[in-house]
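**Student:** Just need the structure, nothing else, for what follows:
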Amino acid sequence: MIAARTASVAMQTLKFLTDEDLKGLGYTRGSYAYMVKAQYLADVYAMKSDNAEELTFNANLAGAV
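**Tutor:** Sure, this is the predicted structure:
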């Protein structure tokens with residue numbers, strides 16, 4: 001769900017970026033949302049593999065109701 005929202009926000013961001021802005025970032029209008037979502041997922045998977053225990057149990061929330 002968060003990955004879909006990330007792509008949605010990326011699409012909304014396109015309204016404020018010119019083609020030159022995108023080109024400077026290394027994207028096109030067609031690839032921007034896809035690449036932002038792909039980067040988000042890659043970051044999540046990397047974090048999950050590095051900190052699997054932290055992602056499954058957050059001690060700060062222990063006992064919270």
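
**Student:** same for the helix or strand encompassing residue 8, what does it pack against?
**Tutor:** Using DSSP states H and E, residue 8 sits within helix 2-13. The helices and strands touching helix 2-13, judged by 3 or more Cβ pairs under 8 Å, 6 or more residues apart in numbering; DSSP states H and E, are helix 32-50. Every C-beta, even on glycine, is put in place using the N, C-alpha and C of the backbone.

**Student:** Mind listing what's buried along the helix it packs on?
**Tutor:** By neighbour count on 16 or more other Cβ atoms under 10 Å, the buried set for helix 32-50 is 32, 33, 35, 36, 37, 40.

**Student:** go on, stretch 6-20?
**Tutor:** 6, 7, 10, 17.

**Student:** follow-up on the earlier one: what about the helix or strand just after the helix holding residue 8, average pLDDT?
**Tutor:** Counting by DSSP H and E, the next helix or strand C-terminal to helix 2-13 is helix 19-25. For helix 19-25, mean pLDDT is 93.

**Student:** what helices or strands is helix 19-25 leaning on?
**Tutor:** Using 3+ Cβ pairs under 8 Å, 6+ apart as the contact test, no helix or strand touches helix 19-25.

**Student:** what residues does that helix touch?
**Tutor:** With Cβ atoms under 8 Å, 6 or more residues apart in numbering as the test, helix 19-25 has contacts from 14, 28, 29, 32.

**Student:** Give me the three-state assignment for the third one.
**Tutor:** It stands for residue 29. coil (DSSP: H, G, I helix; E, B strand; the rest coil).

**Student:** so how far is residue 34 from the closest residue to residue 6 other than its chain neighbours?
**Tutor:** Closest residue in space to residue 6, ignoring its immediate chain neighbours: residue 40 at 4.6 Å, by Cβ to Cβ, 6 or more residues apart in numbering. Applying Cβ to Cβ, to the nearest Å, the value for residue 40 to residue 34 is 11 Å.
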